[in-house]
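# dropping a prediction and its sequence here:
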Amino acid sequence: MTTRSTPDACSLLDADHRAVKKLFNEYDELAGSKAKSSIQARRDLADRICAELTVHTQIEEEIFYPAVRAAIKEHDLLEEATVEHASAKDLIEQIQEATDIDETFDAKVKVLGEYIDHHVKEERNEMFPKARAAKKLDLVALREQLQARKEELMAELEGAVLQ
């Protein structure tokens, strides 16, 4: 078991949550701008949001959720989180494939942000406390695994963009 002050898997995931929330707020400001220059900036920011969320969901699904599933009895939270991820992935795909940066594009980014807000709230208020209370779960070691995999996936994404 970890203490609140020890950086653990939950604190790493929550840092991701805060970072992406900041990106969504930046997007909202850009979407409110009528300047032509905001079109490319919105595309770039939406792409960054999608990349961050893609990596985040992947490390949760590959590493965090299986570890939590093995350590706690209630699996309904994990099932809900998996369904929420599927909805987010669908919107991410729509955003990435969009060619027009218009009101519909903005709406998709906004709804994705709302999905993520809901998902984050459930993780913070329900899943993370249960994970931290689980005696069979080494969240500090899990944080190291998550961080290493996150760095690997981000490097792959950056490599794909450069090609």
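Yep, that arrived.
# roughly how far apart are Glu151 and Asp138?
Noted for Glu151: a distance of 20 Å to Asp138, by Cβ to Cβ, to the nearest Å. All C-beta spots, glycine's among them, are computed from the backbone N, C-alpha and C.
# in terms of neighbours, single out the busier of these two.
Taking Glu151 and Asp138 together and counting by other Cβ atoms under 10 Å, Asp138 has the greater number of neighbours (16 against 11).
# please report the distance of the more buried one from Lys73.
Going from Asp138 to Lys73 by Cβ to Cβ gives 18 Å.
# what helix or strand is Pro7 located in?
When secondary structure is defined using DSSP states H and E, no element contains Pro7, which sits outside every helix and strand.
# can you pull the contacts of the closest residue to it other than its chain neighbours?
Counting by Cβ to Cβ, 6 or more residues apart in numbering, the nearest residue to Pro7 once its immediate chain neighbours are dropped is Arg143, at 6.1 Å. By Cβ atoms under 8 Å, 6 or more residues apart in numbering, Arg143 lies in contact with 7-9, 11-12.
# tell me which two in the residues you listed are the farthest apart.
Pro7 and Ala9 (9.0 Å; Cβ to Cβ).
# any shared contact partners between those two?
Looking at what touches both Pro7 and Ala9 (by Cβ under 8 Å, 6+ apart), the common residues are 140, 143.
# higher neighbour count, those two?
Neighbours were counted for Pro7 and for Ala9 using other Cβ under 10 Å; Ala9 has more, 28 against 14.
# the more buried one - nearest residue in space that isn't next to it in sequence?
What sits nearest to Ala9 in space, not counting adjacent residues and going by Cβ to Cβ, 6+ apart, is Leu142, at 4.0 Å.
# the most centrally placed residue in the chain is in what secondary structure piece?
By Cα atoms, centre = their mean, the mean C-alpha position of the chain lies nearest to Leu53, the distance being 3.7 Å. Here Leu53, judged by DSSP H and E, is contained in helix 37-59.
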